[in-house]
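> Sequence and predicted structure are below.
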Protein chains: 2
Amino acid sequence: MAVGTKQRIVERSAELFRRQGFAGTGVKQIVAEAGAPFGSLYHFFPGGKEQLGEEVIRTSGAIYGQLIDAFFVPGADPVAATRNFFAGAAQTLRETGYADACPIATVALEVSSTNEPMRQACADVFNEWVDSAAARLVESGLTRKRSRALAISMLASLEGAFVLARALRSTEPVEVAGAAATDAVREAVAKRRARRRARG
Amino acid sequence: MAVGTKQRIVERSAELFRRQGFAGTGVKQIVAEAGAPFGSLYHFFPGGKEQLGEEVIRTSGAIYGQLIDAFFVPGADPVAATRNFFAGAAQTLRETGYADACPIATVALEVSSTNEPMRQACADVFNEWVDSAAARLVESGLTRKRSRALAISMLASLEGAFVLARALRSTEPVEVAGAAATDAVREAVAKRRARRRARG
DNA sequence: AAAATAATAGATAGATCGCTCTAGTGACTG
DNA sequence: CAGTCACTAGAGCGATCTATCTATTATTTT
């Protein structure tokens, strides 16, 4: 087979979950769109829909984490990275008819108060993203504390902009939030440089 | 009756939708928790679950809009308002076990690609919030353009912080995003004052 | 080649979904 | 006092939900 059945199931589920949510997506729809036999879903995921959901969150989270890493390359300018990342997110939104934004946010809000294993999976993914982005900011000379705060602030801006953009069918929130995030990174880096100059 | 059946249905639905989503909440659960007869739901909402959902979004949106207005009072300091609003949001999160954040964000992400009337309702609510907050920033001396951008940026930060906070079960994102938003408002107001001094 | 394992295939169970329907109650109104 | 209308009350319908079950076909191992 070209692409494994399990992988097709996970990929289709990821698309459907992010667009219409976890509860709003039926297993019948998943196997139908994945071109997979119904029995195969429970062969690969004995834990049923919940196990599939958790695996989809972690897989999608890892892929999106790689996307973040691709922009925030070690040694590169974090200001440009921030600007480019938000611009890319806006472009993806337009190209997919405002469907593909954050791969896990829709599910995260659904399960945070109702499903502990899946909530934990979302939390792990968010923590990985924050830690990864913060690590790059540390490399740019910011303190650990400042880097973490900036990474959280940027991610929050991005996630919130996605919520607004999808509902409003406009990329304006992503562009505005991107500009604000870029400014924040620029100022943080500039302050750090100024402090170093004063000391050195 | 102390509180009307229709109102009880809307209030319970609002709580359930924001916590477990629209698709994840059954009409049987709503009437059971509202202590309402099943038939009454379809008496008050002939359009069924979708009509109820749309009304819940608009009602909850209006209530939360009043909350925003209560902080951003005309003539008051927008910097303090921003700080206090985020602090209040963090407190509510803690007090409700990270359940009550934005009243419509969960539903907004679920329906944005699947249900046009409900998506439009969410869009209307978000636009009202932005316009309302932006109007107060204009009164603080900012340009219309700058006010709108700042309002969108603040709302995006808040919404995204809610997503992270609920999944991580921590108010850190709300506190960090609140500090960043407060800084942004302070700087915007300061710049405006500086420009006025230079001209005057 | 035989045996064991992996994956496919789909019928079907049992519960729950949103919703319709009829019947009944209680409070105003002519 | 009869009639009307808003609301209550819940049985039950067809559809759909997740999950299990048996049976069959590929693939790998011995």
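In hand now; what should we look at?

> how about stretch A:30-48 as CSV, C-alpha atoms only?
This file holds the C-alpha atoms of stretch A:30-48, laid out as CSV (Å, rounded to 0.1, in the frame of the first residue of the first chain):
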residue,chain,number,x,y,z
ILE,A,30,-13.5,9.2,9.5
VAL,A,31,-13.2,5.7,8.0
ALA,A,32,-15.4,6.7,5.0
GLU,A,33,-13.2,9.7,4.1
ALA,A,34,-10.0,7.8,4.9
GLY,A,35,-11.1,5.0,2.6
ALA,A,36,-10.4,2.6,5.4
PRO,A,37,-12.4,-0.5,6.6
PHE,A,38,-14.4,0.2,9.7
GLY,A,39,-12.9,-2.8,11.5
SER,A,40,-9.4,-1.4,10.9
LEU,A,41,-10.1,1.6,13.1
TYR,A,42,-10.6,-0.6,16.1
HIS,A,43,-7.8,-2.9,15.1
PHE,A,44,-5.3,0.0,15.2
PHE,A,45,-7.0,1.8,18.1
PRO,A,46,-8.4,-0.7,20.5
GLY,A,47,-9.1,2.1,22.9
GLY,A,48,-11.6,3.5,20.4
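
> Is it positioned near chain B?
No: using Cβ under 8 Å from any Cβ of the partner chain, stretch A:30-48 stays clear of chain B, coming no nearer than 14.4 Å. Bear in mind the C-beta positions are built from the backbone N, C-alpha and C, glycine included.

> chain center to that stretch, what's the gap?
Centroid displacement of stretch A:30-48 relative to its chain, using Cα atoms, centre = their mean, to the nearest Å, is 25 Å.

> The residue most central in space within chain A and A:Asn84, how far apart?
With distances taken as Cα atoms, centre = their mean, the residue of chain A nearest its centroid is A:Cys102 (4.6 Å). According to Cβ to Cβ, to the nearest Å, A:Cys102 and A:Asn84 sit 17 Å apart.

> Could you do A:Lys6 as well?
A:Lys6 is 34 Å from A:Asn84, by Cβ to Cβ.

> Tell me the secondary structure at the residue nearest to the centre of chain A.
coil (DSSP: H, G, I helix; E, B strand; the rest coil).

> what's in contact with stretch A:32-40?
A:Thr5, A:Lys6, A:Arg8, A:Ile9, A:Glu11, A:Arg12, A:Ser13, A:Leu16, A:Val27, A:Lys28, A:Ile30, A:Val31 (Cβ atoms under 8 Å, 6 or more residues apart in numbering or on different chains).

> can you tell me if it touches DNA strand C.
Yes: judged by Cβ under 7 Å from any atom of the strand, stretch A:32-40 comes into contact with DNA strand C through A:Ala36, A:Pro37, A:Phe38, A:Gly39, A:Ser40.

> A:Ser153 - how many residues pack around it?
When neighbours are counted by other Cβ atoms under 10 Å in any protein chain shown, A:Ser153 registers 26.

> What's the per-residue pLDDT of it here?
pLDDT for A:Ser153: 98.

> do the one 4 residues further on as well
What the model reports for A:Ser157 is a pLDDT of 98.

> List the residues that contact it.
Neighbours of A:Ser157 in contact, by Cβ under 8 Å, 6+ apart: A:Ala177, A:Gly178, A:Ala180, A:Ala181, B:Ser153, B:Ala156, B:Ser157, B:Gly160, B:Ala177.

> Give me the nearest residue to it, chain neighbours excluded.
A:Ala177 (4.3 Å; Cβ to Cβ, 6 or more residues apart in numbering or on different chains).
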